[in-house]
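> here you go, sequence then predicted model.
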2 protein chains.
Amino acid sequence: MKASAAASRADSAAAGGRRRRAALSREAIIEAALNIGSSEGGSALTFSRLGKELGADPTAVYRHFRDKDELVLALTDRMVEESVKRVEDVDPEQVGWREWLRRVAVAVRAVYLERPAVAVLAATRTTASPAETASVERLIAVLHRTGLGVIEAAEIYRGLLDLTLAMAQATAAFTLLPAEVQEQDATAWTVTYATLSESEFPHVRRSVPRLAELNRDDGAVFELVLDTFLDGVQTRVDRAGAGGSGSGS
Amino acid sequence: MKASAAASRADSAAAGGRRRRAALSREAIIEAALNIGSSEGGSALTFSRLGKELGADPTAVYRHFRDKDELVLALTDRMVEESVKRVEDVDPEQVGWREWLRRVAVAVRAVYLERPAVAVLAATRTTASPAETASVERLIAVLHRTGLGVIEAAEIYRGLLDLTLAMAQATAAFTLLPAEVQEQDATAWTVTYATLSESEFPHVRRSVPRLAELNRDDGAVFELVLDTFLDGVQTRVDRAGAGGSGSGS
DNA sequence: ACCTGAACACCGTTCAAGT
DNA sequence: ACCTGAACACCGTTCAAGT
């Protein structure tokens, strides 16, 4: 029972084979790590799980990465690359800057939430990889072209990405908690808030169905925040347009 | 050497005494945990550190909390209470809804960042404690009084708090990383980004001093996001005022 | 009734052996 | 040149003893 579960994990890595010695390489390890990140339930990224996935001794990874942090940095690069890839054929000139920013943020969040175990470690890291620098340049450029000054464009870029990555990381971290813990927190909204005194908590009571709904759907909360933030960016773009008109500082 | 370091920790808990048996209680344990959370460097909240702080065996905590999660929930309540206390004598009628929301968000972030080790565990949890339910009611009420419908007010409340807590949690988590790792990430901005090709990365090169500055000051990024978000809320308030005018759905 | 201390199943990491 | 496996210092948690 136990042995067969372990064997099937090894098989999925060796792709049909018998548990080959897996031709360990940075690439293979990264792939395995991303795989763990995307598997069900709350499984953290761990050397022993990595070893199982690779069909190798857990410590074999140390032959290819100095330590766990170096692996995390490599995974961070992959997450950024994947995010960029998801929006590379959306043209900001076609869909407009606002819709483009929206799609970028939604894509980044989606990539991270597909791999919560990696997201939790990668979301706040900076590697200055080619994919990262190129996308930073692009984001600032698109924001600058709206009429915003370059500095303000850079500030908005940074705010948008921090906001997106932080919210994705928070959701990913919650996802990794034990299922009972998650359910327990959820009942706060469906039970406790739903039964608060109507006279003492009139506003809560009137909105509790929506609040419970939002609690079940983190994506809706994120998009709400994102849209409100973009409304704020619009306000700044309008303000810039009224003054300097066009390019400029 | 080693022993004296341990003794001084115990002393700080026993407040002058000799390492009293510390009258263990939920209160004392919570206080000790908050203390750890606020000490220097990247010290995680751990049973052994808790035991040292209390001058008791690490496992003694299990006599007062079923498991670590129950402790985390109690700490979450404390963080909410402390946040509420920080703004309780700021009157939204006096300073206006926008400034009030701003101060609430800034206070919540400050409370969490003073205790990164606790923040990282508490930020995404819901306990439906009295302090929590009361502040949710208040937030929705203030937003509703701007002319927004209750449901929309509830949505904005939720977005604002998720945004604030997620960004605080992300900063707290980064704070807990080893110092060398933090520095390494910081050099991405001061070194790599600062030396990118001027022709290929014109926008980055023009804004890199500001970007490096923002990278050193997470608070500035947060306030930027917060102000932009509040601009977006303003847009929605104006929209609601143009239509329904006053109370309503 | 509460605390202690040994024990267990995990973590990341190091290092001496193996091939 | 790369992998294995024992070992170590930590995690949270359980449980039999102690007082």
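Ah, there it is.
> hey, let's count contacts and neighbours off CA atoms from now on
OK.
> following the least confident helix or strand in chain A by mean pLDDT, which helix or strand comes up?
Here the helix or strand of chain A ranked lowest by mean pLDDT, DSSP states H and E is helix A:2-14, holding a mean of 35. Sequence order places helix A:26-38 as the next helix or strand after helix A:2-14, per DSSP states H and E.
> would you mind measuring from the residue of chain A positioned farthest from its centre to B:E137?
The outermost residue of chain A relative to its centre, with distances by Cα atoms, centre = their mean, is A:S199 at 40.3 Å. In this view, A:S199 and B:E137 are 11 Å apart by Cα to Cα, to the nearest Å.
> A:V142 now?
Distance from A:V142 to B:E137, by Cα to Cα: 40 Å.
> equivalent analysis for A:A56, please.
The value you get for A:A56 to B:E137, if Cα to Cα is used, is 54 Å.
> name the residue of chain A that lies nearest to DNA strand D.
A:D57 (3.4 Å; Cα to the nearest atom of the strand).
> let me see the contact set for that residue.
Going by Cα atoms under 8 Å, 6 or more residues apart in numbering or on different chains, A:D57 touches A:S48, A:G51.
> center of chain A - which residue?
Mean-position check on chain A, Cα atoms, centre = their mean. Result A:Y112 at 2.7 Å.
> hmm, that one is touching A:A119, no?
Yes. Counting by Cα atoms under 8 Å, A:Y112 does reach A:A119; the two are 5.1 Å apart.
> need the overlap of contacts for the two.
With Cα under 8 Å, 6+ apart as the test, A:Y112 and A:A119 both reach A:A168, A:Q169, A:A172.
> which ones among those residues are found in strands?
Among these, no member falls in strands (criterion: DSSP state E).
> for chain A, give me the ranges with low pLDDT.
A:1-22, A:40-41, A:244-249 (pLDDT under 70).
> longest helix of it?
Taking DSSP state H as the criterion, chain A has its longest helix at helix A:150-176.
> just checking, next helix/strand downstream of that helix?
Defined by DSSP H and E, the subsequent element after helix A:150-176 is helix A:179-187.
> near chain B at all, that following helix?
Yes. Contact of helix A:179-187 with chain B (Cα under 8 Å from any Cα of the partner chain) involves A:D185, A:A186.
> tell me the buried residues in that helix?
Residues A:D185, A:A186, A:T187 are the ones in helix A:179-187 that count as buried (16 or more other Cα atoms under 10 Å in any protein chain shown).
> mind saving the C-alpha coords of that helix as PDB?
What follows is helix A:179-187, C-alpha atoms only, in PDB (Å, rounded to 0.1, in the frame of the first residue of the first chain):
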ATOM      1  CA  ALA A 179      -7.600  21.400   5.400                       C
ATOM      2  CA  GLU A 180      -9.200  21.500   8.800                       C
ATOM      3  CA  VAL A 181      -7.600  24.800   9.600                       C
ATOM      4  CA  GLN A 182      -8.800  26.300   6.400                       C
ATOM      5  CA  GLU A 183     -12.400  25.100   7.000                       C
ATOM      6  CA  GLN A 184     -12.300  26.400  10.500                       C
ATOM      7  CA  ASP A 185     -11.400  29.800   9.300                       C
ATOM      8  CA  ALA A 186     -14.100  29.700   6.700                       C
ATOM      9  CA  THR A 187     -16.800  29.000   9.200                       C
END
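> hmm, stretch A:159-176 touching DNA strand C?
No. Shown here: stretch A:159-176 not in contact with DNA strand C (Cα under 7 Å from any atom of the strand), separated by at least 12.2 Å.
> ok, and what's touching that stretch?
So stretch A:159-176 is contacted by A:41-44, A:105, A:108-109, A:112-113, A:115-117, A:119-120, A:123-124, A:182, A:218, A:222, B:124, B:162-163, B:166-167, B:169-170, B:221-222, B:224-225 (Cα under 8 Å, 6+ apart).
> now do stretch A:95-115
For stretch A:95-115, using Cα under 8 Å, 6+ apart, the contacting residues are A:34, A:36-39, A:79-80, A:82-84, A:86-87, A:90-92, A:118-119, A:123, A:139, A:142-143, A:146, A:160-161, A:164-165, A:168-169, A:171-172, A:223, A:226-227, A:230.
> how about that stretch: buried residues?
Within stretch A:95-115, judged by 16+ other Cα under 10 Å, the buried ones are A:97-101, A:103-109, A:111-115.
> residues from chain A in reach of DNA strand D?
A:R21, A:A23, A:L24, A:S25, A:A56, A:D57, A:P58, A:T59, A:A60, A:V61, A:R63, A:H64.
> looking at those, which has the most residues close by?
A:V61 (21 neighbours; other Cα atoms under 10 Å in any protein chain shown).
> compute the inter-axis angle for the helix or strand harbouring the residue nearest to the centre of chain A and helix A:26-38.
Using DSSP H and E, the element containing A:Y112 is helix A:97-113. Relative orientation of helix A:97-113 versus helix A:26-38 (axes from the mean of the first three to the mean of the last three Cα atoms, to 10 degrees): 90 degrees.
> how about residues contacting the following helix or strand past helix A:97-113?
For helix A:97-113, the succeeding helix or strand toward the C-terminus, using DSSP H and E, is helix A:116-122. Identification of contacts with helix A:116-122 by Cα under 8 Å, 6+ apart yields A:33-34, A:36-38, A:42-45, A:72-73, A:75-76, A:112-113, A:168-170, A:172-173, A:175-176.
> 7 Å instead, please
A:G37, A:S38, A:S43, A:A44, A:L45, A:V72, A:T76, A:Y112, A:L113, A:Q169, A:A172, A:A173 (Cα atoms under 7 Å, 6 or more residues apart in numbering or on different chains).
> buried ones among these?
The buried subset of the contacts of helix A:116-122 (16+ other Cα under 10 Å) comprises A:G37, A:S38, A:S43, A:A44, A:L45, A:V72, A:T76, A:Y112, A:L113, A:Q169, A:A172, A:A173.
> now, which of those residues sits nearest B:V237?
A:Q169 (29.8 Å; Cα to Cα).
> could you pull up phi and psi at A:S129?
With angles defined as degrees, to the nearest 10, A:S129 sits at phi -70, psi 160.
> picking up where we left off before, which pair in the contacts of helix A:116-122 spans the largest distance?
Most distant of these, by Cα to Cα, are A:S43 and A:T76, 18.1 Å apart.
> get me the contact residues on chain A for DNA strand C.
So chain A meets DNA strand C at A:44-49, A:58-59, A:62, A:66-69 (Cα under 7 Å from any atom of the strand).
> one more time with 6 Å, if that's ok
Within chain A, the positions near DNA strand C by Cα under 6 Å from any atom of the strand are A:L45, A:T46, A:F47, A:S48, A:T59, A:D67, A:K68.
> for the first one, what are its contacts?
The contact partners of A:L45, taken as Cα under 7 Å, 6+ apart, are A:I36, A:G37, A:A117, A:V118.
> before we move on, what about the third one?
Contacts for A:F47 (Cα under 7 Å, 6+ apart) come out as A:P58.
> and A:A240, how close does it get to A:E99?
19 Å.
> can I get the host helix or strand of A:E137 in CSV, CA atoms only?
Per DSSP H and E: A:E137 is located in helix A:130-144. Output of helix A:130-144 as CSV, limited to C-alpha atoms (Å, rounded to 0.1, in the frame of the first residue of the first chain):
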residue,chain,number,x,y,z
PRO,A,130,16.6,38.7,-18.4
ALA,A,131,12.9,37.9,-18.2
GLU,A,132,12.4,40.1,-15.2
THR,A,133,14.4,43.1,-16.4
ALA,A,134,12.6,43.0,-19.8
SER,A,135,9.2,42.9,-18.3
VAL,A,136,10.0,45.7,-15.9
GLU,A,137,11.1,47.8,-18.9
ARG,A,138,8.0,47.0,-20.7
LEU,A,139,5.7,47.7,-17.8
ILE,A,140,7.2,51.1,-17.1
ALA,A,141,7.2,51.9,-20.9
VAL,A,142,3.5,51.2,-21.2
LEU,A,143,2.7,53.2,-18.1
HIS,A,144,4.8,56.1,-19.3
